[in-house]
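J.: pasting a predicted model and its sequence here:
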Amino acid sequence: MGLGSIYAKTVRDSRRAGLIAGALAGLFMLATATPFALEFVTVESRAQLAAQMGSLPAVIRGLLGEPINIETMGGFLSWRVGNILPVMLGLWSVLALSGTLAGEASRGSLDLLVSTQHARRSIALQKVAGHVTVLVVAMLIAAVLIWVAGVAFAVLPGDEIAFADALGQVALYGLLMLAAGAASFAAAPVLGRTRAVAIGLIALFGMYLIAAYASLSPTIDALSPLSWYAWTAGHRPLAGVADWPSLGLLAAVTAALLTAGVVAFERRDLGATVAIAWLRMPSLPAGVRGPFVRQFADRAGIAAAWGIGVGAYAALIAASADAFTESLKNIPGIVEYVKLLYPDIDLTQPSGILQLAFFAFGSLMVGLAAATFLAGWASDETRHRLDLVLSTPLSRVGWAVRSGLGVMAAIALTAGMIGFLVAVAVAGQGGDVSGPIGGALTLGLAAMMFAGIGFAFGGVIRASLAAPAAAVAVVATFILDTLGEALDLPNVVLDLSIYQHLGQPMAGTYGSVGMVAAGAIAAAGLAIGAWGLQRRDIGG
């Protein structure tokens, strides 16, 4: 378990993703705490909010959970963000644990490792331990930022958040994320990576949906005992209530799934999988016809996973649009307040609700998806595959441009799947699907812009900076959009966000200047990256 071990390498490989996940969890809490502290500054306004939220329709309460002590800062944070946060961040754990053994086995990179003195059990255990370590660090970062939110935005008595309560809350988030990843890990040695991703996504979203919609159908309610979201619904330390036995049960199930994955890896032939034709993520055959096809083929499965994950969340919001609209009407002044901020949004349409409740979150998730695709693109150089590729007649510029376009195509696939799922949900509500589809494609265009920034850094400086540069740009833009006005930043600073210039695309209003700028930055970034790669030594 030393610095040169498999465990240490797993930690090193995952550290950036873990830091981003922890920072995002904490930033979501900060972004939620800011308007709460600014808008609800009296005991009376808090009591009115709690009464109104308690009377929300069952479909809305299902998505957010039962409001517990939401008149306090901690209670409101755990209610407003608590259910969906581990679902979306759980994508990281699913993708990481589905590929940590099965993905490497399919690429052949484990063949040499298992021929050494390392036992298979040791390899698997160290891989799992590395991921768990990074996940724990991520949740510690989130706990610190949650505690900071309580310190910085406490307005009334009871708003302060004890660090122990923050730790108790993120312990739940970490286990919910890890449980879905553990389901993928258990399936991967038997079914292979793409089918393991599908299993993980079913667990990730299925458990959430069972708990969210249990009150709407006796059939779904009968499945509640299977959902770990239902088990742990009473564990909300930020709201002043805890249910540690339920957390212990979830930990035991997660440990059992991880153990099953270790045993399966130890006993099965390396890379041998069971084919189940109907259970797999959409993917393409491995590309052998050039950098574009290979990059797109390698990213297609993960791009589809991101699209399904984010698109399913957007579809839930669209499917709940009618109930959401009715609940807004029951809150005095909220419709007028929203119309003042967003005069062009029709809150009676699913497209308007999507622009209001999904677009900002979707922009963050699709941008981070683009950063993960860049990490795969950069691995060609950092893992020295590019050395062999460039020994052929293929030029550096040709490789950079064509492989970069493969990454852009993967981003388009993610956006397209989001658009498809949202369109199905909006059509089911009788709404116009053109706006939501255009909004999803606009998210993809913005993500391509961030990818262009990553290409420029990766080509000019070094490949390992491509994904971090894009991720930093994505997160910085999200912070600027969510906290900029609350912090009274000048307009010249707020206008640095590309989303200030894209209009309200989910509602069918587009900003042509922003869209042209996003496309131009994406193209320029790819060109600069190709120019930089031509001028520097390769090697990571």
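T.: Good, I have the coordinates.

J.: check contacts around residue 386.
T.: By C-beta atoms under 8 Å, 6 or more residues apart in numbering, the contact list for residue 386 reads 380, 399, 538. For the C-beta atoms, the positions are set from N, CA and C on the backbone; glycine is no exception.

J.: run the last query once more with 7 Å
T.: 380, 538 (C-beta atoms under 7 Å, 6 or more residues apart in numbering).

J.: which element is it on?
T.: Using DSSP states H and E, residue 386 sits in helix 385-389.

J.: okay, buried residues for that helix please.
T.: 386, 389 (16 or more other C-beta atoms under 10 Å).

J.: list the helices and strands the next helix or strand after it packs on?
T.: Next in sequence after helix 385-389, counting helices and strands by DSSP H and E, comes helix 396-428. Here helix 396-428 touches helix 291-319, helix 350-357, helix 359-382, helix 434-460, helix 512-535, going by 3 or more C-beta pairs under 7 Å, 6 or more residues apart in numbering; DSSP states H and E.

J.: helix 396-428 vs helix 512-535, what angle?
T.: Here helix 396-428 points in a direction 150 degrees away from that of helix 512-535 (axes from the mean of the first three to the mean of the last three C-alpha atoms, to 10 degrees).

J.: what pLDDT does the residue located most distally from the centre of the chain get?
T.: Residue farthest from the centre of the chain, counting by C-alpha atoms, centre = their mean, is residue 393 at 38.9 Å. Note on residue 393: pLDDT of 85.

J.: please renumber so the chain begins at 31
T.: Understood, numbering begins at 31; the last thing we discussed is residue 423.

J.: that one and residue 320, how far apart?
T.: Per C-beta to C-beta, to the nearest Å, residue 423 is found 12 Å from residue 320.

J.: rounded mean pLDDT for stretch 69-82, please.
T.: Stretch 69-82 comes out at a mean pLDDT of 80.

J.: what ranges do the helices span in the stretch 231-380 of the chain?
T.: Counting by DSSP state H, counting those that start in this stretch, the stretch 231-380 of the chain has these helices, from start to end: 248-252, 258-261, 274-297, 321-349, 351-359, 364-371, 380-387.

J.: burial check on residue 527, number of neighbours?
T.: 20 (other C-beta atoms under 10 Å).

J.: actually residue 486, not the one I typed
T.: There are 24 residues near residue 486, going by other C-beta under 10 Å.

J.: same question, the one 4 residues further on
T.: Residue 490 has 15 neighbouring residues, counting by other C-beta under 10 Å.

J.: leaving out chain neighbours, which residue sits closest to it?
T.: residue 562 (3.2 Å; C-beta to C-beta, 6 or more residues apart in numbering).

J.: just the element for the closest residue to residue 379 other than its chain neighbours, please.
T.: Nearest residue to residue 379 in three dimensions, chain neighbours excluded: residue 461, at 5.3 Å (C-beta to C-beta, 6+ apart). In the assignment (DSSP H and E), residue 461 maps to no helix and no strand.

J.: OK, contacts around residue 461?
T.: Residue 461 is in contact with 379-381, counting by C-beta under 7 Å, 6+ apart.

J.: what's the pLDDT at it?
T.: As predicted, residue 461 sits at a pLDDT of 82.

J.: and if you look at residue 368?
T.: At residue 368, the model reports a pLDDT of 58.

J.: ok, residue 142 next?
T.: Residue 142 is given a pLDDT of 60.

J.: and what of residue 89?
T.: For residue 89, the pLDDT comes out at 56.

J.: list the buried residues for the helix or strand where residue 82 lies?
T.: Using DSSP H and E, residue 82 sits in helix 73-84. Buried residues in helix 73-84, counted by 16+ other C-beta under 10 Å: 76, 79-80, 83.

J.: how about the contacts made by residue 325?
T.: By C-beta under 7 Å, 6+ apart, the residues touching residue 325 are 407, 433, 436-437.

J.: circling back: just put the contacts of residue 461 in JSON lines and tack on pLDDT.
T.: Shown next, in JSON lines, are the contacts of residue 461 (pLDDT from 0 to 100):
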{"residue": "379", "pLDDT": "79"}
{"residue": "380", "pLDDT": "82"}
{"residue": "381", "pLDDT": "84"}
